[in-house]
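> Please find the sequence and the predicted model below.
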Amino acid sequence: MDKHQVLKQYFGYDSFREGQEFFVDKILSGQDVLGIMPTGAGKSLCFQIPALMMDGITLVISPLISLMKDQVGSLNQAGIHAAYLNSSLTAGQYSKALGFARQGRYPIIYVAPERLLTEEFLNFALNVNIKMVAVDEAHCVSQWGQDFRPSYLKIVEFIRQLPTRPVVAAFTATATKEVRDDIIDILELQEPAVLTTGFDRKNLYFGVASPKDRYHAVQNYVETHPDDSGIIYCLTRKAVEDVWQRLRQAGVMVTRYHAGLSDEERRRNQDDFIYDRAPVMVATNAFGMGIDKSNVRYVLHYGMPKNIESYYQEAGRAGRDGEPAECILFYNGQDVITNQFFIDHNEDNQELDPITRQIVMERDRDRLKRMTFYCFTNDCLRDYVLRYFGEYGSNFCGNCQNCITQFEEVDITKAATALLGCVSTSGQRYGVNVIIDTVHGANTAKIRQYQMNRNPYYAAAADVPVYRLRKIINELMIRELLIVTNDEYAVVKLTKDAARFLECSETIVMKMAKELERPLKEKTEKKAKKSMAGSSLLTETDQDLFEQLRALRLELAREEKIPPYLIFSDKTLLSMCVIKPKDKVKMLSVSGVGTFKYEKYGEKFLACINNYLS
C-alpha cells in the first residue's frame with residue numbers, strides 16, 4: 001500500500017493535514033525530522049504511517065503511561081498491532097510483549113525512556129531491526145523547556161548502542177527557538193528536515209476573566225454547558241479538592257486528579273473522564289499529557305499557570321477534533337505569588353548545578369512575567385501567544401475576548417504620572433495596593449500609618465475608579481515602566497524608562513473597554529449553544545441524529561469497555577449527520593471511517609442513520 005492507501009484504510013482520511021505528508025515523505029526517504037505541530041494537528045500520523053510502510057520496528061519514546069495506552073488503544077481500534085512497554089505491566093506481561101515483538105508481531109512499540117537502557121530491553125533492541133525511533137513530546141529533552149525530564153537524556157545513549165542508526169523523528173507541540181535548537185543538539189539529529197506548521201488553533205476561543213468570586217464564575221460556566229465535556233485546571237491540590245467537592249454538591253458529574261491521590265484512584269478517575277462517566281475533570285497540571293480525548297469542549301483555568309508554554313499546552317486539550325471549543329483563564333493576583341513559590345521551591349531543578357539552577361529560575365521568573373502580561377493585555381489574546389512562539393499575525397483574530405470587546409483609546413497620562421510619581425516619592429518601598437490607595441485618596445489606617453496621606457501624589461487621581469487604576473498600573477508593567485519585585489512583599493519599583501517618562505512628560509494612550517464586562521454567566525449562556533460541537537453545522541433536526549449517533553457510540557463503547565472517541569470522534573459523527581450515508585460506499589467517504597472500522601461498526605451506524613431518515 002502507498003501512503004494514501006494506508007491513510008484511508010487504517011485512519012479513514014482521504015487527504016493529509018498540513019505538514020503530515022511532508023514528514024511522511026522525509027521519514028520514508030531516511031531523513032531525520034523535527035516537527036513542531038499544535039495539539040490536535042495529527043503529529044502521531046506523521047510517524048505511524050511510515051512505521052506501517054517500513055520493513056522493521058518503530059520505537060515511539062513516550063513520557064507517560066496514559067499517553068501510551070491511549071495511542072496503542074487507538075491503533076488497535078484501527079486494526080494495527082501495537083504494544084507498549086512500561087511500568088504498568090507485570091513482569092510476565094512485559095516478557096510476553098517482548099516475545100511477541102521479537103516475532104515481528106508489532107510494527108509500532110511505545111516505550112518509556114526509563115526502559116531504554118535496562119538489560120532486558122537492550123538485549124531485545126540489539127537483536128531486532130529497528131528502523132525508526134520517534135520521540136514524542138520532544139521538548140522534554142531540553143532543560144530550557146517547560147517540562148524537562150532527565151530520563152529523556154537516555155535516548156541518544158540508547159540510539160548510539162544500536163548496530164544500525166535508525167531514522168530519528170522528533171515531535172512536539174510547544175517549543176521556542178531555544179528549545180528547538182536544544183532538541184536537535186541533544187538528540188543528535190542529522191541534517192533534520194525541520195517544519196513548524198504553526199501554533200494557531202483557530203477553533204479555540206480564548207478569554208481571561210477576573211471575577212470577584214472565581215468559584216461561582218466557574219460553576220456558572222459548567223452549568224451553562226451541561227452537555228459538554230471539560231477540564232478545570234487548578235494550581236494546587238487544595239484548590240482541586242475544593243472545586244471538585246463544591247461542583248459535586250451542585251449536582252455536576254465531576255471527577256478529580258492530582259498527585260496526592262493513590263495510583264488506583266487516579267487511574268479510575270481518569271477512566272471515568274475518558275469514558276464520559278464523569279465528563280468534567282478538575283485537576284492539577286499533573287493531568288492531561290497524552291490524553292487524546294477528542295470531545296473536550298472547554299478548558300477552564302482556575303488560576304494562572306506559570307508560563308505560556310504550559311498554558312497553551314493545557315488549553316490545547318480542548319477541541320482536538322477541530323470543532324469549536326473555549327479556553328478561559330480565571331485570573332487572581334494571588335496566582336503570581338503562588339507560582340513564584342513553585343519556582344523558588346522547584347524540586348525538579350535540584351539535579352542541576354547551582355549556577356545553572358539559578359539561570360533556570362531567572363528564566364522561569366521571566367516566563368511568569370510574560371504569562372501575567374497575557375492576563376492584562378487588551379491586544380488580541382491569540383496573537384499574544386503566537387508572538388511568544390515567534391509567529392506574527394494581524395493582531396486581530398475575531399475569536400478571543402479582546403477581539404470581540406469594543407475598546408476606545410483613552411489618555412491615561414495624568415493617572416500614569418500620579419502612579420509613577422507616587423512610587424518615586426515614596427522611596428519605592430510599597431506594593432500595588434498601597435500605591436493605588438494613595439493616588440485614589442483612601443483614608444485607611446494603613447495609609448495613615450505609612451504617612452502616605454502626606455505624599456505629594458495623595459488623591460492625585462481621586463476621580464479615577466480603583467479598578468481602572470489597577471488596569472493602568474498593569475499597563476505600565478506591560479510597557480516596562482514599572483516592575484514588581486519577586487521577594488516576599490512584592491514591592492513596586494521604577495525602571496530606567498520610567499525616570500525618562502517623568503522627566504519628559506510623554507503622553508500615554510491605552511485601549512480601554514467601552515463598558516464593564518458583562519457577567520461571565522451571561523456571556524457563556526449566549527455562547528453555550530455555539531460552543532457545542534457541530535451546532536453551527538447542523539439543523540435542529542439533524543442535531544437529534546447527532547445525539548442518536550452519540551448514544552449508539554456510547555452503547556458500543558460500554559460493551560467493548562473502551563473510550564467512546566476511539567470508535568468515532570465527534571467530528572466523524574458530525575460528518576455522518578451532514579452526508580447521511582445510506583450504504584457502504586457513502587459511509588467510507590466520511591472522514592474518519594476507514595475499512596477496518598467500517599467492518600467493525602459501519603453497519604450499525606448505517607442502520608441508525610437509515611432508521612432516522614425513515
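It's in.

> residues in contact with the residue lying closest to residue 203 once chain neighbours are set aside?
Take residue 203 and drop its neighbours on the chain: the residue closest to it by C-beta to C-beta, 6 or more residues apart in numbering is residue 319, 4.8 Å away. Yep, even glycine has a C-beta here, placed from its N, CA and C like the rest. Contact analysis of residue 319 by C-beta atoms under 8 Å, 6 or more residues apart in numbering lists 40, 201, 203-204, 296-297, 325.

> How much space separates the spatially closest residue to residue 426 that is not a sequence neighbour from residue 432?
Distances taken as C-beta to C-beta, 6+ apart place residue 455 nearest to residue 426, at 5.9 Å, with adjacent residues excluded. The span separating residue 455 from residue 432 equals 15 Å under the rule C-beta to C-beta, to the nearest Å.

> now do residue 101
For residue 101, the distance to residue 432 - C-beta to C-beta - is 59 Å.

> what does residue 485 give?
Applying C-beta to C-beta, the value for residue 485 to residue 432 is 11 Å.

> quick one, which of the two is more surrounded?
Between residue 485 and residue 432, counted using other C-beta atoms under 10 Å, the more crowded position is residue 432 (20 against 12).

> can I assume that one is in contact with residue 470?
Yes. With contact defined as C-beta atoms under 8 Å, residue 432 counts as touching residue 470 (7.5 Å).

> Partner strands of the host helix or strand of residue 326 and their direction?
In this structure, residue 326 sits in strand 325-330 according to DSSP states H and E. Taking DSSP bridges as the criterion, strand 325-330 pairs within the sheet with strand 204-209 (parallel), strand 296-302 (parallel).

> need the next SSE after the longest one, C-terminal direction.
Right, the one you point to is strand 296-302. Beyond strand 296-302 on the C-terminal side, the first helix or strand identified by DSSP H and E is helix 308-315.

> what angle sits between that following helix and strand 204-209?
Using axes from the mean of the first three to the mean of the last three C-alpha atoms, to 10 degrees, one finds that helix 308-315 and strand 204-209 are set 120 degrees apart in direction.

> and helix 308-315, C-alpha only, in PDB?
Listed in PDB are the C-alpha atoms of helix 308-315, where the atom choice follows Å, rounded to 0.1, in the frame of the first residue of the first chain:
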ATOM      1  CA  ILE A 308       2.800  30.500  28.300                       C
ATOM      2  CA  GLU A 309       4.000  27.000  27.200                       C
ATOM      3  CA  SER A 310       2.100  25.300  30.000                       C
ATOM      4  CA  TYR A 311      -1.000  27.300  29.500                       C
ATOM      5  CA  TYR A 312      -1.100  26.700  25.700                       C
ATOM      6  CA  GLN A 313      -0.400  23.000  26.100                       C
ATOM      7  CA  GLU A 314      -3.200  22.700  28.700                       C
ATOM      8  CA  ALA A 315      -5.700  24.900  26.800                       C
END
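
> any weak-confidence spans in the stretch 501-614 of the chain?
Where the stretch 501-614 of the chain drops to pLDDT under 70, the residues are 515-537.

> Going along the chain, name the helices of it.
Secondary structure of the stretch 501-614 of the chain (DSSP state H, counting those that start in this stretch): helices located at 520-531, 540-560, 570-579, 584-588, 595-597, 603-613.

> so which of these gets nearest residue 30?
Evaluated over those, closeness to residue 30 peaks at helix 595-597, with 28.6 Å, by C-beta to C-beta.

> Pull the distance from that closest one to the chain's centre.
31 Å (C-alpha atoms, centre = their mean, to the nearest Å).

> now swap in stretch 31-38 and tell me
Relative to the centre of its chain, stretch 31-38 is centred 19 Å away, using C-alpha atoms, centre = their mean.

> re earlier: what packs against whichever helix or strand comes after the strand holding residue 326?
Where DSSP H and E defines the elements, the next helix or strand beyond strand 325-330 is helix 334-344. Using 3 or more C-beta pairs under 8 Å, 6 or more residues apart in numbering; DSSP states H and E as the contact criterion, the secondary-structure elements in contact with helix 334-344 are helix 354-376.

> Check which helices and strands the helix it packs on sits against.
With contacts taken as 3+ C-beta pairs under 8 Å, 6+ apart, helix 354-376 sits against helix 308-315, helix 334-344, helix 381-388, helix 466-478.

> Return it as PDB; C-alpha atoms alone will do.
Taking Å, rounded to 0.1, in the frame of the first residue of the first chain, the C-alpha atoms of helix 354-376 are listed here in PDB:
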ATOM      1  CA  PRO A 354      23.900  25.900  41.500                       C
ATOM      2  CA  ILE A 355      24.700  28.300  38.600                       C
ATOM      3  CA  THR A 356      22.500  26.500  36.100                       C
ATOM      4  CA  ARG A 357      19.700  26.200  38.700                       C
ATOM      5  CA  GLN A 358      19.900  30.000  39.200                       C
ATOM      6  CA  ILE A 359      19.800  30.700  35.400                       C
ATOM      7  CA  VAL A 360      16.700  28.400  35.100                       C
ATOM      8  CA  MET A 361      15.000  30.100  38.000                       C
ATOM      9  CA  GLU A 362      15.600  33.500  36.400                       C
ATOM     10  CA  ARG A 363      14.200  32.200  33.100                       C
ATOM     11  CA  ASP A 364      11.100  30.800  34.900                       C
ATOM     12  CA  ARG A 365      10.500  34.200  36.600                       C
ATOM     13  CA  ASP A 366      10.700  35.900  33.200                       C
ATOM     14  CA  ARG A 367       8.200  33.400  31.800                       C
ATOM     15  CA  LEU A 368       5.900  34.000  34.700                       C
ATOM     16  CA  LYS A 369       6.000  37.800  33.900                       C
ATOM     17  CA  ARG A 370       5.000  37.100  30.300                       C
ATOM     18  CA  MET A 371       2.200  34.900  31.400                       C
ATOM     19  CA  THR A 372       1.000  37.600  33.800                       C
ATOM     20  CA  PHE A 373       1.000  40.200  30.900                       C
ATOM     21  CA  TYR A 374      -1.300  37.800  29.000                       C
ATOM     22  CA  CYS A 375      -3.900  38.300  31.700                       C
ATOM     23  CA  PHE A 376      -3.500  42.100  31.500                       C
END
